[in-house]
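1. Any chance you could fold what I've pasted below:
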Amino acid sequence: MRMSILALLVALIFSVSAAGQKIQGVWSLTEITTTGPNGSTVQVSQPSVYIFTKKYYSVIYVSSNEARPQIADLSKATADELRNVFVTSFVANAGMYEAKGGKLTFKPSVAKNPGFMQPGTFSTMSLKTDGNTMTLVSEGTNTGPAANPTTFKLKRVE
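-> All right, here's what the predicted structure looks like:
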């Protein structure tokens, strides 16, 4: 009986570790599908990097399908130009994550948006990996379930 419990415990530890192992590495977005009234599927053409270590992650990507415009002189840029370059078309955050039971929970510690860095903030996604492909579907945050889930498809680059 003791051996069975010990074997079950060891198997459980390895299965939890295996979930994290499958996503460790560097990934790039290939497709984003949004749902809801204005839902769409976009093949991602702009740069993106998702990095997963054993416990930490970093996500940074251009969320627009067009290259962000270059501003020749930032001191002369309008509020709309700055908002377009640094706010509406750019995502950046990093922190700790947990991969368990087909779910991926992000717990950011640094983010472009200060509201995303508040204590207790998290976001949860369903997680599926298949070789060098990862699919993440937004499920919710600390404020509630996702009203219109978004699907992110990624490919392993390292």
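2. From now on I want contacts and neighbour counts done on CA atoms only, so please keep to that.
-> OK.
3. Kindly export stretch 99-114 (C-alpha atoms) in CSV.
-> Included here for stretch 99-114 are C-alpha records, laid out as CSV according to Å, rounded to 0.1, in the frame of the first residue of the first chain:
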residue,chain,number,x,y,z
ALA,A,99,1.0,25.4,-15.7
LYS,A,100,-1.3,22.8,-14.2
GLY,A,101,-4.2,20.6,-15.4
GLY,A,102,-4.4,22.1,-18.9
LYS,A,103,-4.4,25.6,-17.5
LEU,A,104,-1.8,28.4,-17.6
THR,A,105,-2.0,31.1,-15.0
PHE,A,106,0.0,34.3,-15.4
LYS,A,107,0.9,36.3,-12.3
PRO,A,108,2.6,39.5,-13.6
SER,A,109,5.1,41.4,-11.6
VAL,A,110,6.1,44.0,-14.3
ALA,A,111,3.9,45.2,-17.1
LYS,A,112,3.4,48.1,-19.6
ASN,A,113,0.0,48.7,-17.9
PRO,A,114,0.5,49.4,-14.2
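4. Can you list the neighbours in contact with it?
-> Contact with stretch 99-114 is made by 16, 19-20, 91-98, 116-117, 120-128, as judged by Cα atoms under 8 Å, 6 or more residues apart in numbering.
5. residues touching the residue nearest in space to the middle of the chain, list them.
-> Of all residues in the chain, the one closest to the mean position by Cα atoms, centre = their mean is V59, 6.0 Å from it. Contacts for V59 (Cα under 8 Å, 6+ apart) come out as 48-51, 91-94.
6. most neighbours, which of those residues?
-> Highest neighbour count within the contacts of V59, by other Cα atoms under 10 Å: Y50, with 23 neighbours.
7. That one: which element?
-> Using DSSP states H and E, the element containing Y50 is strand 48-52.
8. do A94 as well
-> Taking DSSP H and E as the definition, one finds A94 inside strand 90-100.
9. what's the angle from that strand to strand 48-52?
-> 30 degrees (axes from the mean of the first three to the mean of the last three Cα atoms, to 10 degrees).
10. quick one: strand 90-100 to chain centroid distance?
-> Here strand 90-100 is found 6 Å from its chain centre; the criterion is Cα atoms, centre = their mean, to the nearest Å.
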